[in-house]
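Visitor: Using only what follows, build the 3D model:
(one chain, ligands or ions: 1)
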Amino acid sequence: MEDTLFNRRSMIKAAAGLGAISTAFATTGQVAQAGSHSATPKEGLISIHKLGPVTFHTYTSPEYSGMVNAHVIETTNELYLIDTQFVQALASEFSSYVDSLGKPIQRIYLSHSHPDHLFGAVQFPDVEFVTSDEVLAEANSAMDIYKARKDALKDTTAIVLPAGGLTIGTETWDGIEVQIGQVLDAEAAAELTFHIPEAGLYVAQDLLYANAHTFPINNSENWLAALEDMQNLEGIKVFGSGHGLPGAPGLIDDAIAYLNFQNQAIAENNDGESATAAILAKYPGYGAKDVLSFLSYRYQK
Ligand SMILES: [Zn+2]
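Guide: Here you go, the predicted structure:
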């Protein structure tokens, strides 16, 4: 998703509702909260999945920041990060949590260019930060918009961009095979995916909103096709989402049903407000509600 409108009320609501979020979005039995951890975040939520040779850690932001996820894939000796959060206070919590794992960060990958995944990179100044040429091109073309959003956040830090040039294909992380894919023209112009067959882990990032409203400015045909490809994958135990808690493969079925309903609501209504009302009536428990404010763009000629 893109960044959302911030206001005092939503921040208070998010702080008060964090406990409710962790209950409402509980996914698989493998999820454990790092409750006794010395770097337990005050605002975000940590979920941990142990999957064969890797441990998959996810930092999920509160609702006021769209329940956006930054992930850590921990191998025996190293850490690999996917995305970095949006608001600096939350990116800093994420960074403290990563430090507490006590292993070197090998690389940070940017899954796609949207600010809620990119802005926190400034918290990791000494780490190699990479993405594909296509993701970097979208970031560069939208930089004026991103700077305006940065200003609206009253966030004084700079926007740090990754290096491009990442090869789409197979990498080896600490001896483990990782298949990096890329989906074009769906939720974003370009979106990286990470499949670790040996772990049964597939990080779909913003191609999967888990129990959360999806960013409605998109090519939903390509997006649905990408989700259907994920449905056909064998052996996945956990899907890593871009928003909402990661979990079991049923999340993909839910995301397809949601996208179809969102498309139907857009077609059957005449403005963003009434489409939003229809979607909220159908999915009252879903997170990242502020993303629906972008629905009005679908009715602009
Ligand atoms: Zn996002």
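Visitor: I'd say residue 90 and residue 43 touch.
Guide: Yes: between residue 90 and residue 43 there is a contact at 6.0 Å, judged by Cβ atoms under 8 Å. Using the backbone N, CA and C atoms, a C-beta is placed for each residue, glycine as well.
Visitor: which residue ranges form the strands in the stretch 201-301 of the chain?
Guide: 201-209, 238-243 (DSSP state E, counting those that start in this stretch).
Visitor: The ones you listed into TSV, with extra columns for mean pLDDT?
Guide: Formatted as TSV, those follow (pLDDT from 0 to 100):
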stretch	mean pLDDT
strand 201-209	98
strand 238-243	98
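Visitor: Save those as a markdown table, and put in distance to the ion and mean neighbour count too.
Guide: Shown next, in a markdown table, are those (distance: least, Cβ to the ion, whole Å; neighbours: other Cβ atoms under 10 Å):
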| stretch | distance to the ion | mean neighbour count |
| --- | --- | --- |
| strand 201-209 | 5 | 28 |
| strand 238-243 | 5 | 28 |
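Visitor: quick revisit: compare residue 90 and residue 43 (neighbour count), which wins?
Guide: Shown here are residue 90 and residue 43; by other Cβ atoms under 10 Å, residue 90 has more neighbours (27 against 17).
Visitor: Any idea how many residues pack against the residue nearest to the more buried one when sequence neighbours are not counted?
Guide: With Cβ to Cβ, 6 or more residues apart in numbering as the criterion, residue 90 has its nearest non-adjacent residue at 5.0 Å, and that residue is residue 61. Residues lying near residue 61 (other Cβ under 10 Å) number 29.
Visitor: Flag the shaky bits of this structure, pLDDT-wise.
Guide: Within the chain, the segments meeting pLDDT under 70 span 1-38, 301.
Visitor: need the residues of it near the ion, please.
Guide: 1, 114, 116, 206, 242 (Cβ under 5 Å from the ion).
Visitor: Now the second one: phi and psi?
Guide: To tie it back to what came earlier, the one meant is residue 114. phi -60, psi 140 (degrees, to the nearest 10).
Visitor: Surely it and residue 205 touch.
Guide: No: counting by Cβ under 8 Å, residue 114 does not reach residue 205; the two are 9.9 Å apart.
Visitor: Could I get the full set of strands for the stretch 51-200 of the chain?
Guide: Using DSSP E, counting those that start in this stretch, strands in the stretch 51-200 of the chain cover 54-60, 69-74, 79-82, 105-109, 129-130, 169-173, 176-184, 190-196.
Visitor: Give the closest residue to the residue in the stretch 51-200 of the chain positioned nearest to the ion in space, chain neighbours not counted.
Guide: At 4.5 Å from the ion, residue 116 is the closest residue in the stretch 51-200 of the chain, using Cβ to the ion. Leaving aside its sequence neighbours, residue 116 sits nearest to residue 86 (Cβ to Cβ, 6+ apart; 3.9 Å).
Visitor: right, and the one you found touches residue 121 too?
Guide: No: taking contacts as Cβ under 8 Å, residue 86 lies outside contact range of residue 121: 10.7 Å.
Visitor: neighbour count winner among the two?
Guide: Shown here are residue 86 and residue 121; by other Cβ under 10 Å, residue 86 has more neighbours (26 against 23).
Visitor: all helices of the stretch 201-301 of the chain, in order?
Guide: 220-231, 250-268, 272-282 (DSSP state H, counting those that start in this stretch).
Visitor: In TSV, list those helices along with distance to residue 95.
Guide: Conversion of the helices of the stretch 201-301 of the chain to TSV gives the following (distance: least, Cβ to Cβ, whole Å):
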stretch	distance to residue 95
helix 220-231	29
helix 250-268	27
helix 272-282	34
